[in-house]
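Colleague: Need coordinates for the following:
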Amino acid sequence: MEFIAASRVPIFVLVSCAAALAQEGGATGAGSAVYQNHCAQCHDKGVGRAPQPLAMTLMTPERVVAALTNGKMAEQGKSLTTAEARSVALFVTGKSFGADAPVQQGACAEPAPAFDKPFAGPYWNGWGVDSANRRMQPAAMAGLPADLVPQLKLKWAFGFPGGGKAFAQPTVVGGRIFAGSDSGKVYSIDANTGCTYWMFKADTPVRSAISIGPVGPKWVAYFGDQHAQAYAVDAATGALLWKVRVEEHPAAMITGAPALYEGRLYVPDSSYEEVTGAAPKYECCKFRGALTALDAATGKQIWKSYTIAEEPHPVRKNKQGTQLWGPSGAGVWSSPTIDAKKRAVYVVTGDAYSDPAARTSDSFLAFDMDTGKLLWSRQLTEGDAYNLGCPTGDNCPETKGPDFDFGCSPNLVDLPNGKRALVAGQKSGMVHALDPDQQGEVLWSVRVGKGGPLGGVQWGNASDGKNVYVAVSDHYATPNLKDAGGMFALKLDTGERVWSTPAPSGCGIKAGCSPAQSAAVTVIPGVIFSGSLDGHLRAYSTTDGHIVWDVDTAVEYQTVNGVKAKGGSLDGPGPVVVGGTLFVNSGYGMFGEMPGNVLLAFSVDGK
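Modeller: I've put the predicted structure just below:
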């Protein structure tokens, strides 16, 4: 069994795990025997995207069965009988069915205040706080002076039931937190106390950040799930308004936050076909990334543009005679960036899954906001075709990677020289600045990391108008793991390094620990925040990069909603700072990292 994350790692025995399930047919016996026969060779060995046993104990058996029957492990689990799927789910979670029942503790005692002027006070809306995705919170909105950051202490903790990955960045609007979870539950939480106003259950896990916007007199929360469905729910009550599937490919999903602008919702598509495509009997691959514009009021599609214009066609057969298809891939893993001046929407794309690699993989793309027409594209790595069968599997593309896709939303910034730039880090270890007004002309490219499938810059950089701040992962990219990680400040106009700070390791004896800094970063005036796979959240001075605050989140917590919770690796989403409080998710049970299921709130002196 395996539960995908957006970043990728070249672990080759995953294919054998999939093959075992496909070839053996219906195994018999208790859950322990099913696990040993079909799952242990991946989950006990830290295979990429296969959560280890500790992470699975945080899940519910319902989630495991769903993954094996109609979710991301359906290809691997299709030979299991219903009884076998249920028995192994009971075995790996150690829970009985029904453990996913709603937790009553933690509901707000008082009725929710009116949600009629949500943007009257401080807020963080969507992924990057603004439509330019700069991940820069101004002083008035942050409410947290740099000199008080060292006084931050835990205010409250909220536990996500039935999950091992806290991977959905919270949105804070109108004094409420809106956050998805890997159980598919979406919550509206009081930002001050952590009590719950409402809970909505999506069909599959919700990883995207949530965007809040008006439709007539109503305020609406928009998000996407891991079945490529976009949702609109009433932000005040949690009532479903509409739900639309934006891509029919069975492996399609929404990872990046849909971007809301002028009554339209721009929804990015990614997929996990890079995993299923590794199995030698699978006809890899037919998914193409896309950007879809929906009417925010109704969910009606206005336009849809694929990141690869050419439809997949038969390319060659593998050694087992399976037909292979291409071009494919170029998924959009991150939230689109809006350019009101040019009326353009910018996205960055992932690698190809099969040969031939399209010219729009590993690229910046600009689409016309009104029509969806591709305005320009700029590829930064050519010929990057990769799937989890590489480098030796029958379905591995001829180029065998290097898997240098983009997971960062580009920052749209104004430069000191009067020009503008789109700035984004890449898993290659490079940071690129492109001119959106000159068809994506490259202004500068600077190396900050060694790069690799879990290396380079993973989930997001931040810009404050002077510098761009970049955290480096390089997980598995260095011979000595202690050399992974690090924080960099680069001048926005030239890419010149202002300062860099090596990653201090907070691992000690923690299993699954790494100093790599994969999570998106967030900047407020004077301070940059970065989470690490070692479980630490650190604050750096924007002046010289010295660490001004460091907290280990990988501990157990007493939660306001009564859910048993612990922290773990920080990966994917970055911290959100609103009105003097910092909110951050902790726990990421993938790639052998430390699982966890908690949302944390920190404020000065914990008040």
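Colleague: gap between T553 and F602?
Modeller: Using C-beta to C-beta, to the nearest Å, T553 is found at 10 Å from F602. C-beta coordinates here come from the backbone N, C-alpha and C atoms, glycine included.
Colleague: Now for the two: what residues contact both?
Modeller: V584 (C-beta atoms under 8 Å, 6 or more residues apart in numbering).
Colleague: The two: who's more crowded?
Modeller: Neighbours were counted for T553 and for F602 using other C-beta atoms under 10 Å; T553 has more, 29 against 24.
Colleague: For that one, give me its contacts.
Modeller: When contacts are counted by C-beta under 8 Å, 6+ apart, T553 touches 531, 535-537, 567-568, 570, 584, 586, 596, 598, 600.
Colleague: do F119 as well
Modeller: Neighbouring residues of F119 by C-beta under 8 Å, 6+ apart: 125, 173-174.
Colleague: which among those residues gets closest to V446?
Modeller: Taking C-beta to C-beta as the measure, V446 lies nearest N125 of the contacts of F119, at 30.2 Å.
Colleague: Okay, now the sheet partners of the helix or strand encompassing I528, with direction.
Modeller: Per DSSP states H and E, I528 falls inside strand 527-531. Next to strand 527-531 in the sheet, as set by DSSP bridges, lie strand 522-524 (antiparallel), strand 536-541 (antiparallel).
Colleague: Output these in JSON lines, with mean pLDDT and mean neighbour count appended to each entry.
Modeller: Shown next, in JSON lines, are the strands paired with strand 527-531 (pLDDT from 0 to 100; neighbours: other C-beta atoms under 10 Å):
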{"stretch": "strand 522-524", "mean pLDDT": "98", "mean neighbour count": "27"}
{"stretch": "strand 536-541", "mean pLDDT": "98", "mean neighbour count": "24"}
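Colleague: could you dump those to CSV with distance to L415?
Modeller: Listed next are these as CSV, based on distance: least, C-beta to C-beta, whole Å:
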stretch, distance to L415
strand 522-524, 17
strand 536-541, 23
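Colleague: And the ones you listed: which comes nearest S473?
Modeller: Across the strands paired with strand 527-531, S473 has its closest neighbour in strand 536-541 (14.4 Å, C-beta to C-beta).
Colleague: Other residues contacting the closest one?
Modeller: 146, 149-150, 152, 469, 487, 501, 504, 506, 526-532, 546-554, 570, 575, 584, 586.
Colleague: Filter those down to the buried ones.
Modeller: 146, 149, 152, 469, 487, 501, 504, 506, 526-532, 548-549, 551, 553-554, 570, 575, 584, 586 (16 or more other C-beta atoms under 10 Å).
Colleague: out of these, which are inside strands?
Modeller: Within the buried ones among the contacts of strand 536-541, membership in strands is found for 152, 469, 487, 501, 527-531, 548-549, 551, 584, 586, as judged by DSSP state E.
Colleague: Closest one to L265 out of those, please.
Modeller: Using C-beta to C-beta, those come closest to L265 at V584, 26.0 Å.
Colleague: where does A168 fall, helix, sheet strand or coil?
Modeller: coil (DSSP: H, G, I helix; E, B strand; the rest coil).
Colleague: was I right about it contacting F178?
Modeller: No. Under the criterion of C-beta atoms under 8 Å, A168 makes no contact with F178, lying 9.5 Å away.
Colleague: quick one: common contacting residues for those two?
Modeller: The contact lists of A168 and F178 share I210, where a contact means C-beta under 8 Å, 6+ apart.
Colleague: Just the strands from the stretch 301-450 of the chain, written as ranges.
Modeller: 301-306, 313-317, 323-326, 337-339, 344-348, 363-368, 374-379, 411-414, 420-425, 430-435, 441-447 (DSSP state E, counting those that start in this stretch).
Colleague: Pull the residues that contact the fourth one.
Modeller: Outside of strand 337-339, the residues within contact range by C-beta under 8 Å, 6+ apart are 128, 131-133, 259, 261, 266, 344-347, 366, 369, 409-412, 422, 436.
Colleague: Listing partners with orientation, what would you give for it?
Modeller: Here, using DSSP bridges, strand 337-339 pairs with strand 344-348 (antiparallel).
Colleague: okay, the angle between the strand it pairs with and strand 363-368?
Modeller: Interaxial angle of strand 344-348 relative to strand 363-368 (axes from the mean of the first three to the mean of the last three C-alpha atoms, to 10 degrees): 160 degrees.
Colleague: what is the mean pLDDT for strand 344-348?
Modeller: Averaging pLDDT along strand 344-348 gives 98.
Colleague: and K482, helix, strand or coil?
Modeller: helix.
Colleague: same question but for L154, I mixed them up
Modeller: With three-state DSSP as the criterion, L154 reads strand.
Colleague: Okay, helices next: where are they in the stretch 101-250 of the chain?
Modeller: Using DSSP state H, counting those that start in this stretch, the helices of the stretch 101-250 of the chain run over 139-142.
Colleague: Strands of that one, start to end?
Modeller: Going by DSSP E, counting those that start in this stretch, the stretch 101-250 of the chain shows strands at 152-159, 171-173, 176-179, 185-190, 196-201, 211-215, 218-224, 229-234, 240-245.
Colleague: Would you mind giving these as a markdown table with distance to G455 added?
Modeller: Formatted as a markdown table, the strands of the stretch 101-250 of the chain follow (distance: least, C-beta to C-beta, whole Å):
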| stretch | distance to G455 |
| --- | --- |
| strand 152-159 | 30 |
| strand 171-173 | 29 |
| strand 176-179 | 28 |
| strand 185-190 | 32 |
| strand 196-201 | 36 |
| strand 211-215 | 30 |
| strand 218-224 | 27 |
| strand 229-234 | 31 |
| strand 240-245 | 33 |
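Colleague: would you turn these into TSV with mean pLDDT and distance to P312?
Modeller: Below are those laid out as TSV (pLDDT from 0 to 100; distance: least, C-beta to C-beta, whole Å):
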stretch	mean pLDDT	distance to P312
strand 152-159	98	42
strand 171-173	98	35
strand 176-179	98	36
strand 185-190	98	33
strand 196-201	97	34
strand 211-215	97	31
strand 218-224	98	23
strand 229-234	98	23
strand 240-245	98	20
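Colleague: Out of these, flag the one nearest N318.
Modeller: Comparing these against N318 with C-beta to C-beta, the closest turns out to be strand 240-245 (30.4 Å).
Colleague: Can you identify the element that follows the closest one toward the C-terminus?
Modeller: According to DSSP H and E, the helix or strand after strand 240-245 is strand 252-253.
Colleague: distance between that following strand and the chain's centre?
Modeller: Centroid separation between strand 252-253 and its chain, computed with C-alpha atoms, centre = their mean, to the nearest Å, is 13 Å.
Colleague: these two touch, right, G440 and A366?
Modeller: Yes. Using C-beta under 8 Å, G440 is in contact with A366, at 6.7 Å.
Colleague: Flag the shaky bits of the stretch 51-200 of the chain, pLDDT-wise.
Modeller: 51-60, 62-63, 65-79, 82-83, 85, 88-89, 91-104 (pLDDT under 70).
Colleague: Next, the contact list for S361, please.
Modeller: 307-308, 327, 329-330, 349-352, 379, 381, 384-385, 405.
Colleague: I meant G128, not that one.
Modeller: 134-135, 335, 337, 409, 411, 460.
Colleague: do the same with V498
Modeller: 467, 489-491.
Colleague: 6 Å instead, please
Modeller: Residues in contact with V498 (C-beta atoms under 6 Å, 6 or more residues apart in numbering) are 467, 489.
Colleague: And R207, how far from V275?
Modeller: According to C-beta to C-beta, R207 and V275 sit 15 Å apart.
Colleague: picking up where we left off before, of the contacts of S361, which is the most crowded?
Modeller: G329 (34 neighbours).
Colleague: partners of that one in the sheet?
Modeller: R288.
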